[in-house]
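Asks: Provide a 3D model corresponding to the input given below.
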Amino acid sequence: MNNDPLASRMRPTELSDIVGQRHLLEKGKPLYNMIESGNIPNLIFYGPSGVGKTTLASIIAQKTKRALRRLNGTNASTQDIKDIVAQLNTFEAPNGILLYLDEIQYFNKRQQQSLLEYIENGKITLIASTTENPYFYIYPAILSRSTVFEFKTVDWQDVMIAVNRGFDFLSDENGVKITVEDGVAEKIARGCGGDVRKALNGVENCFFSTDTVDGEKRITLDFAEQLTQKSAVKYDREGDEHYDIISAYQKSLRGSDPDAALHYLARLLEAGDLPSACRRLMVCACEDVGLAYPQIIPIVKAAVDAALMVGLPEARIPLADAVILVAMSPKSNAGAGAIDEAIEDVKSGNYGPIPRSLQNKHYDGADAEVKGQFYLYPHSFENHWVEQQYLPDILKDKKYYKPQDNKNEQSFKAYMDKIKEKK
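Replies: Just a heads-up that it's a prediction; the model follows:
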């Protein structure tokens, strides 16, 4: 009995059998043309797991009649590379070697450098795959000698094709008739998060969990729901997916789209990342709503405190309320813009001595031309305001805060104009 996973046993051998990745593998696309020509450069496949990177590497090796050797960056060593190089120009690899290096981001700089000599002279054709952004994780010299192709998450409609093939494959492999209830294939396809390998694992789980009655296995929707009850949320708290989701979450809040914001909140919560959901929500309340509705800050803080107190799954309720409130509130980034501009001045050294009237000292040195602090206490004056210089001389006319066009900030501005007797 073959104990390999179903995804390995029924791995496609033709480009046309790969589901998804039409942007790469349709006739006429650059990668398709490269493969058909047989002239394969060094390649980097970038994208989530279970979307066909390994399968395509196998097909390329087959079509180019090169010996396929596989390494995984999580456990391979420089010696493994040397062992593969030793096979060059032998009967084991008469047409050269195609090295498929999975998870190359786990190779350190020295290990990646050890590949350079061989991929540069063409003795080894490298296909490296990574789930992380290659421009951050792969040594620049490797990148400069490779062509990067990005693989996309597979749409559930395309995953369904693989799911149905999986049931047919198991039926033929085991000599058992399989009847699949309506909705089963769709349930499995939707529940895999775009990961074809996970979908096929679901197919196999349904098959082996179902009793054979009179030579037939009947795969029910109830079984499929039990075995795929939690969608495969693609999420790695240290990887690109984490930053993509929280970026989309915050941008949806800023863009006043409550439905999109709720969607990304749901993805964070399903991944169990309650801290990120809370932190970004608080940031948006301060940065993106801010002075347009300053009362929102304690409201959102209370919702976040409630969420952290009760934990998941109940935390979803106060967070959903707060997400909708932030998304639907008027927006102003005046406060964030003002402090960023002030910090930029400080970082660049664009500041001077604090005015004497504001300093926390009560005597003057012998070199002071005018002795005395001369601080004016605002509460001693009408409307609790008096004109005096607060910024250093070099910045005395600087305006960091620029009121935006919303009810709150315009009312603040009108009040200040009035007490300063400005028309």
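
Asks: quickly find the element holding Thr125.
Replies: For Thr125, the element it lies in under DSSP states H and E is strand 124-130.

Asks: skip ahead from that strand and say which helix or strand is next.
Replies: helix 134-137.

Asks: so what does the strand holding Thr125 touch, helix or strand wise?
Replies: On a contact count with 3 or more CB pairs under 8 Å, 6 or more residues apart in numbering; DSSP states H and E, strand 124-130 meets strand 43-46, helix 53-64, strand 97-102, helix 109-120. All C-beta spots, glycine's among them, are computed from the backbone N, C-alpha and C.

Asks: these: which one's closest to Glu173?
Replies: Closest approach to Glu173 among the helices and strands packed on strand 124-130 (CB to CB): helix 53-64, 18.7 Å.

Asks: what residues of the closest one count as buried?
Replies: Within helix 53-64, the residues that qualify as buried are 53-61, 63-64, counting by 16 or more other CB atoms under 10 Å.

Asks: which of those residues scores worst on pLDDT?
Replies: Scanning the buried residues of helix 53-64 for pLDDT, the low point is Thr64. It has 83.

Asks: that one contacts Glu36, doesn't it?
Replies: No - Thr64 is beyond contact range of Glu36, at 10.6 Å (criterion: CB atoms under 8 Å).

Asks: can you pull the contacts of Arg70?
Replies: Taking CB atoms under 8 Å, 6 or more residues apart in numbering as the contact definition, Arg70 lies against 99-102.

Asks: got it, and Val289?
Replies: 296, 326, 329-332 are the contacts of Val289 under CB under 8 Å, 6+ apart.

Asks: and these, which two are furthest apart?
Replies: Val326 and Ser332 (12.6 Å).

Asks: so what sits against both of these two?
Replies: By CB under 8 Å, 6+ apart, the residues touching both Val326 and Ser332 are 288-289.

Asks: and those two? Which one has more around it.
Replies: Val326 (28 against 22; other CB atoms under 10 Å).

Asks: so which of the helices and strands packed on strand 124-130 comes closest to Arg22?
Replies: helix 53-64 (13.0 Å).

Asks: tell me what angle the helix or strand following that closest one forms with strand 124-130.
Replies: For helix 53-64, the succeeding helix or strand toward the C-terminus, using DSSP H and E, is strand 67-72. Here strand 67-72 points in a direction 40 degrees away from that of strand 124-130 (axes from the mean of the first three to the mean of the last three CA atoms, to 10 degrees).

Asks: what does the very next helix or strand once past strand 67-72 contact?
Replies: Sequence-wise, the next helix or strand beyond strand 67-72 is helix 78-85, with elements assigned using DSSP H and E. The contact list for helix 78-85 (CB under 8 Å, 6+ apart) reads 69, 71, 97, 99, 110-111, 114-115, 118, 123-124.

Asks: cool, and stretch 18-29?
Replies: With CB under 8 Å, 6+ apart as the test, stretch 18-29 has contacts from 12, 15, 31-32, 51-52, 55-56, 59, 149, 151-152, 154-155, 158-159, 161-162, 196.

Asks: ok, now with 7 Å
Replies: The contact list for stretch 18-29 (CB atoms under 7 Å, 6 or more residues apart in numbering) reads 12, 15, 31-32, 51-52, 55-56, 149, 151-152, 154-155, 158-159, 161-162, 196.

Asks: buried only: go through those for me.
Replies: For the contacts of stretch 18-29, a burial check counting by 16+ other CB under 10 Å picks out 12, 15, 31-32, 51-52, 55-56, 149, 151, 154, 158-159, 161-162, 196.

Asks: any stretches of the chain with poor pLDDT?
Replies: Low-confidence segments of the chain, defined by pLDDT under 70: 1-2, 93-94, 229-240, 361-373, 422-423.

Asks: let's see that with 50 instead.
Replies: 231, 423 (pLDDT under 50).

Asks: so which residues of it form strands?
Replies: For the chain, the strands defined by DSSP state E cover 43-46, 67-72, 97-102, 124-130, 147-150, 177-180, 212-213, 216-219.

Asks: now tabulate these in a markdown table and tack on distance to Leu200.
Replies: Below are the strands of the chain laid out as a markdown table (distance: least, CB to CB, whole Å):
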| stretch | distance to Leu200 |
| --- | --- |
| strand 43-46 | 19 |
| strand 67-72 | 19 |
| strand 97-102 | 18 |
| strand 124-130 | 19 |
| strand 147-150 | 23 |
| strand 177-180 | 14 |
| strand 212-213 | 20 |
| strand 216-219 | 14 |
